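Novice: Provided below for reference: sequence and predicted model.
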Amino acid sequence: ARYAVKGAAEMVKFCAEYGIPHKVTGKLIVATERSELPRLHALVQRGRENGIPVRELGPAQITEYEPEVRGLAAIHVGTTGICDFVGVARQLAAASGADIRYGAEVEHIDRRASLGVAVRIRGGDIVRGRVLVNCAGLHCDEVARLTGDEPGMRIVPFRGEYYELARPELVRGLVYPVPDPAFPFLGVHLTRGIDGGVHLGPNAVPALAREGYGWGTVRVRELGATLAWPGAWRIARRHWRYGAGELRRSVSKRAFTTAVQRLLPGISEGDLVPAAAGVRAQAVLRDGTLVDDFLIREGARAVHVLNAPSPAATASLPIGREVGRRALAALAAV
């Protein structure tokens, strides 16, 4: 909560300073069923406790912000915005002074407390440093174990599938359903991008590879590692009904459309255009707990970023400072 609030304000300033396209659009979180109202009211309280200006809305007030959206009640968060985050990443890369090597697969890590860390990448090149910072996303647990540190979690990849709205004029900003606290996933929501398009999604289905952006991508070793982790089986037993609904939305465009129509009833299947999928690097503990906060752990001469889910892009500047602080502390300790 601290990083997201601070990061949102900093990201607006960062984009303005470097001329990166951005816009503060505001966001609606909409309850479409009575059972969601207590959770919506809890979000209001949490938002205000964290210093976020939140306005509660009735059905008529919802249409003032989003004329095509329907719901029983909603909250409006005026400070939420969008930006060209690819542009943000490029600016950070250009300003870093770093030697960035794309497509460099890590094969082996040799860590010696008295000397430092040597990373061998495919092809034989070796990168040496005094401290290793592991932000390897979908592979962060594997990289942690290559250093000799046991992260206490495993990445279970979930693919998020999206559609693009053929009539983007139906949505002005960002529209979210009320999240279920049992899941760290946000549910199918409506997101206007900085390019003017509107994305619908995502669902959340198990990916059959760490980079399994479609059902046709299967990597037996990675799938086996997921199935060998006790937490993955505990998730399946605990949440199989939720998972079945997500799978149905994956294979049925009609089911996906129905999920969107809860918020935007005026659309039809023809309004949904397939778009690129993403894969969420979901950290899962041994007991099946889905980690829903940022998770950073340390080892000798190493800092491991093991979970950075949404809103990690919003919070990226504070996260970066925290990682930098820990890396400098690790340097001072050797």
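Specialist: Yes, it's here.
Novice: Please report how far the most far-flung residue of the chain relative to its centre lies from residue 301.
Specialist: Taking Cα atoms, centre = their mean, the residue of the chain most remote from its mean C-alpha position is residue 114, at 36.4 Å. Distance, residue 114 to residue 301, by Cβ to Cβ, to the nearest Å: 10 Å. Quick note: C-beta positions are derived from backbone N, CA and C, even for glycine.
Novice: which neighbours do these two share?
Specialist: Common contacts of residue 114 and residue 301, defined by Cβ atoms under 8 Å, 6 or more residues apart in numbering, comprise residue 334.
Novice: so what's residue 121 up against?
Specialist: Contacts of residue 121 (Cβ under 8 Å, 6+ apart): 101, 104, 105, 106, 107, 127.
Novice: switch the cut-off to 6 Å
Specialist: By Cβ atoms under 6 Å, 6 or more residues apart in numbering, the residues touching residue 121 are 104, 106.
Novice: what's the answer for residue 223, then?
Specialist: Shown in contact with residue 223 (Cβ under 6 Å, 6+ apart): residue 208.
Novice: Doesn't it lie inside a helix?
Specialist: Yes. The assignment for residue 223 (DSSP: H, G, I helix; E, B strand; the rest coil) places it in a helix.
Novice: What distance do you get for residue 110 to residue 195?
Specialist: Noted for residue 110: a distance of 44 Å to residue 195, by Cβ to Cβ.
Novice: who has more neighbours, the two?
Specialist: residue 110 (15 against 10; other Cβ atoms under 10 Å).
Novice: Give the bridge partners for the more buried one, please.
Specialist: Beta bridges link residue 110 to residue 118, judged by DSSP bridges.
Novice: Tell me if I'm right that it and residue 118 touch.
Specialist: Yes. Using Cβ atoms under 6 Å, residue 110 is in contact with residue 118, at 4.5 Å.
Novice: can you map out the helices along the stretch 51-200 of the chain?
Specialist: In the stretch 51-200 of the chain, the segments counted as helices under DSSP state H, counting those that start in this stretch are 59-65, 85-96, 140-147.
Novice: For the last one, what is the distance to the chain centroid?
Specialist: Pointing back at helix 140-147 there. Computed by Cα atoms, centre = their mean, to the nearest Å, the chain-centroid distance of helix 140-147 equals 20 Å.
Novice: What helices and strands are in contact with it?
Specialist: The elements that helix 140-147 packs onto, with contact taken as 3 or more Cβ pairs under 6 Å, 6 or more residues apart in numbering; DSSP states H and E, are strand 106-112, strand 132-134, strand 302-307.
Novice: Would you mark the buried spots in that helix?
Specialist: By 16 or more other Cβ atoms under 10 Å, the buried positions in helix 140-147 come out as 140, 141, 142, 143, 144, 146, 147.
Novice: circling back: skip the chain neighbours and tell me the closest residue to the residue farthest from the centre of the chain.
Specialist: Spatially, and ignoring its direct neighbours in sequence, residue 114 is nearest to residue 334 (7.9 Å; Cβ to Cβ, 6 or more residues apart in numbering).
Novice: what's around the one you found, how many residues?
Specialist: 12.
Novice: just residue 322 next, same as before
Specialist: Look at residue 322: counted by other Cβ under 10 Å, it has 16 neighbours.
Novice: Quick check: pLDDT value at it.
Specialist: Note on residue 322: pLDDT of 97.
Novice: go on, residue 186?
Specialist: 68.
Novice: And residue 179, by the same measure?
Specialist: On the pLDDT scale, residue 179 is placed at 87.
Novice: how near is it to residue 120?
Specialist: On the measure of Cβ to Cβ, residue 179 and residue 120 end up 42 Å apart.
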